[in-house]
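>>> how would this look folded up:
(one chain, ligands or ions: 1)
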Amino acid sequence: MPEISVVTWIVGIAALVIGILAGHFGWGRRWRLPSARVHPDYLTGLDYLVTEQPDRALDVFLKLMETSADTVETHFALGSLYRRRGEVERAIRIHESLLARTGLPAEHREQALLAMAQDYLRAGLLDRAERLLLEVCRVPRLRVTALDALRGVYERQHEWRQALDTHRELARAGAAPPAAIAAHYLCELAAAAAAAGDLVEARRLLREARAQQAGFPRAALLRARVAEREADQELAVRLLHEAVRRAPVLLGEELPRLAALAGLEARDGLLSRLVGECERDPAAQRQLVFAALAAGIAAATPLAGAVASVFAREAALSAALAAGGGDLGRATRELGALLAHAERYRCAQCGFTARSFYWQCPACHAWEAFEPHAVVTLR
Ligand SMILES: [Zn+2]
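The predicted model follows:
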């Protein structure tokens, strides 16, 4: 597990248990010493959590469960720890036993339902998670957390309309996720409409996506596809060009299509413009050259300067060139063949690699986290 996520979940659990303690003792309303009611070992477990020692924390909480101090807080801490460790069945059992208690105060019952929804989410039991989250949404203090989790459920179910509605509800509650995410939902809906042959609806949704997020590259890309289907080649080239200019990561997949759409006569003019646009951005220039290598068009005259400067900057490319006796044509052909079969993208959040570009990581569901990977490994 990457270091950052360990820290994140420990902080998350600590926040959860502190939140539970705060609720339990009425912190914020009036301060009272927790030691009067909490078993001292519970605070020791909490210390282990805060100091990033989850295994020791687990031992302490398990012992507490075995002894007399079988408290609500211990249930929550243990359930959360088990879920984070991927032991979801155990987490569910712990939350179930909590919910089965007679006389459980409403605030703990609601918190337990939210925790169990997160267990189901982690286990991939999306329908069950959805049902519980819809219930928890009705609790004002948990509404935003539950709505945001529900948005995640709809994303994973590809229920884009419901994800969009939930995004808007969060906006009304003053807790809107980034506008770009709503624009992605609209693009998903537009892509589905286009696939079903409803290009009018697809265009309308894409206009809405661009109103949501000005200059949104994915909307330009999809609108270019619609223009292509409507045989409006000029518009398709203009919009696809706009998409790759705003999101150079798209060059890897879209450069061959863009070059083909522009046609042989206009291709070099287009490549010159792309070179000019990347000039002051070494990362974009590198992506352009790698895309051209993979597409087998790196020998095109307008790319000569960009190819030379990227080769000069990249040790791996210079080495490949030297190994081939300085024959640039041969080096570009060999690198192109290598790149065409490489895992070209990697999720910056979770490290998932793929040959195709995804707007949303299939593994961790982060949006716009894909970055060129072959570029990194060849460095
Ligand atoms: Zn990921």
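>>> thought Ala194 was touching Leu221?
No - using C-beta atoms under 8 Å as the test, Ala194 is too far from Leu221 to be in contact (11.7 Å). Backbone N, C-alpha and C define where each C-beta goes, glycine included.
>>> okay, these two: which has more neighbours?
It is Leu221, of Ala194 and Leu221, that has more neighbours when counted by other C-beta atoms under 10 Å, with 24 against 20.
>>> got a list of what that one touches?
Leu239, Leu240, Ala243, Leu250, Glu254 (C-beta atoms under 8 Å, 6 or more residues apart in numbering).
>>> how about the first one, secondary structure?
The assignment at Leu239 comes out as helix when based on DSSP: H, G, I helix; E, B strand; the rest coil.
>>> could you find the closest non-adjacent residue to it?
Ala224 (3.8 Å; C-beta to C-beta, 6 or more residues apart in numbering).
>>> so who does the one you found touch?
By C-beta under 8 Å, 6+ apart, the neighbours of Ala224 are Leu235, Ala236, Val237, Arg238, Leu239, Leu240, Ala243.
>>> secondary structure element holding it?
Assessed by DSSP states H and E, Ala224 sits inside helix 217-229.
>>> please apply the same query to Ala214.
Per DSSP H and E: Ala214 is located in neither a helix nor a strand.
>>> do you know how far it is from Ala179?
Separation of Ala214 from Ala179 (C-beta to C-beta, to the nearest Å): 9 Å.
>>> now do Phe357
Relative to Ala179, Phe357 is positioned 21 Å away (C-beta to C-beta).
>>> and if you look at Leu46?
38 Å.
>>> next: Gly103.
Computed as C-beta to C-beta, the Gly103 to Ala179 distance reads 45 Å.
>>> between those two, which has more neighbouring residues?
Per other C-beta under 10 Å, whichever of Gly103 and Ala179 has more neighbours is Ala179, with 16 against 4.
>>> how close does the nearest residue to the more buried one once chain neighbours are set aside sit to Leu206?
Excluding the flanking residues, the one nearest Ala179 by C-beta to C-beta, 6+ apart is Gln213, at 5.0 Å. Distance, Gln213 to Leu206, by C-beta to C-beta: 11 Å.
>>> over to Glu188?
Per C-beta to C-beta, Glu188 is found 11 Å from Leu206.
>>> look at those two and report which has more neighbours.
Set side by side, Glu188 and Leu206 show unequal neighbour counts under other C-beta under 10 Å, the larger going to Leu206 at 28 against 23.
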